[in-house]
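Visitor: okay, here's the prediction I keep looking at, along with the sequence it came from:
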Amino acid sequence: DQQVKQNSPSLSVQEGRISILNCDYTNSMFDYFLWYKKYPAEGPTFLISISSIKDKNEDGRFTVFLNKSAKHLSLHIVPSQPGDSAVYFCAASALISNFGNEKLTFGTGTRLTIIP
Amino acid sequence: DAGVIQSPRHEVTEMGQEVTLRCKPISGHNSLFWYRQTMMRGLELLIYFNNNVPIDDSGMPEDRFSAKMPNASFSTLKIQPSEPRDSAVYFCASSRWTGQVEQYFGPGTRLTVT
């Protein structure tokens, strides 16, 4: 059962335009969400995150929006640049213990291609 | 600072052989995670450790898979015997104890079992 879903396996966007990557989740216990970026032959790198107490978090060209009622989050990249071409993973975490380091559940990824 | 270090980067082995993947987490990080990435299932968590203690191994697919963390700076993931369906990229990640959710990934080990 896929608790975090990225329904678009790929997306192509013109350079300079906005890229919007979407993610849906089913587990209402998730309270922290992250986006990771992955280049070929490298490990995923952390990009941006959002807590469930917020509905928006911005970091430079990257903004993550969270709609808890719809169990949906999105990542906006504006303006898109060729170096943004990568696979983007959405991930979610739920507080399940007192250990403080919780496991992440990842989506299957969306391959973003920025067209020069 | 060095990131998460994994070795080997590539491993090709024959079915039935034992495979050992290695990971050195970022210094000062208390949690370590092993993931497997496949086209069909994306990134799956196999097992994670807090302070060298395995916390959740529910993602380990079969008894053929085992993981250890003998100290804070080293972990292994072993597959014995290996099968072709184990072919995937295996990632190790680490994070700090202080409630930090962000995990930092190593470059991965690409395993091919023929």
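Guide: All right, it came through fine. Since the model is a prediction, treat every value here as computed from it, not as a measurement. Residues are numbered from 1 along each chain as shown, chains lettered A, B, ... in the order given.

Visitor: could you pull out the strands in chain B for me?
Guide: All strands of chain B, identified by DSSP state E, fall at B:5-7, B:10-13, B:19-24, B:31-38, B:42-50, B:53-56, B:65-71, B:74-79, B:88-95, B:104-105, B:109-113.

Visitor: how far away is the closest residue in space to A:Ser10 that isn't next to it in sequence from B:His10?
Guide: Spatially, and ignoring its direct neighbours in sequence, A:Ser10 is nearest to A:Arg111 (4.5 Å; CB to CB, 6 or more residues apart in numbering or on different chains). C-betas here are computed from N, CA, C, even on glycine. Going from A:Arg111 to B:His10 by CB to CB, to the nearest Å gives 22 Å.

Visitor: between those two, which one's more packed in?
Guide: Neighbours per residue (other CB atoms under 10 Å in any protein chain shown) separate A:Arg111 from B:His10, with A:Arg111 holding more: 14 against 11.

Visitor: list the contacts for that one?
Guide: Residues in contact with A:Arg111, defined by CB atoms under 8 Å, 6 or more residues apart in numbering or on different chains, are A:9-11, A:86-87.

Visitor: same thing but 10 Å
Guide: By CB atoms under 10 Å, 6 or more residues apart in numbering or on different chains, the contact list for A:Arg111 reads A:8-12, A:38, A:85-88.

Visitor: just checking, what packs against the lowest-mean-pLDDT helix or strand in chain A?
Guide: The weakest-scoring helix or strand in chain A, judged by mean pLDDT, DSSP states H and E, is strand A:104-106 (a mean of 90). Packing partners of strand A:104-106 (3 or more CB pairs under 10 Å, 6 or more residues apart in numbering or on different chains; DSSP states H and E): strand A:4-5, strand A:30-38, strand A:86-94, strand B:31-38, strand B:42-50.

Visitor: from the chain's centroid, how far away is that strand?
Guide: Distance, stretch centre to chain centre, for strand A:104-106: 11 Å (CA atoms, centre = their mean, to the nearest Å).

Visitor: in its sheet, what does it sit against?
Guide: Strand A:104-106 pairs in its sheet with strand A:86-94 (antiparallel), by DSSP bridges.

Visitor: quick check: mean pLDDT across the partner strand?
Guide: Per-residue pLDDT over strand A:86-94 has a mean of 93.

Visitor: next one: stretch B:26-44
Guide: Averaging pLDDT along stretch B:26-44 gives 90.

Visitor: tell me which residues in that stretch are buried?
Guide: Within stretch B:26-44, the residues scored as buried using 16 or more other CB atoms under 10 Å in any protein chain shown are B:26, B:29-37, B:42-44.

Visitor: same check on stretch A:5-24?
Guide: A:5-6, A:13, A:19-24.

Visitor: among the helices and strands packed on strand A:104-106, which comes closest to B:Thr109?
Guide: strand B:31-38 (10.1 Å; CB to CB).

Visitor: run the angle between that closest one and strand B:65-71 for me.
Guide: 150 degrees (axes from the mean of the first three to the mean of the last three CA atoms, to 10 degrees).

Visitor: need the contact list for the residue nearest to the spatial centre of chain B.
Guide: Centroid check for chain B by CA atoms, centre = their mean gives B:Trp34 as the closest residue, at 3.1 Å. The contact partners of B:Trp34, by CB under 10 Å, 6+ apart, come to B:21, B:23, B:44-49, B:57, B:59-60, B:65, B:67, B:69, B:75-77, B:90-93.
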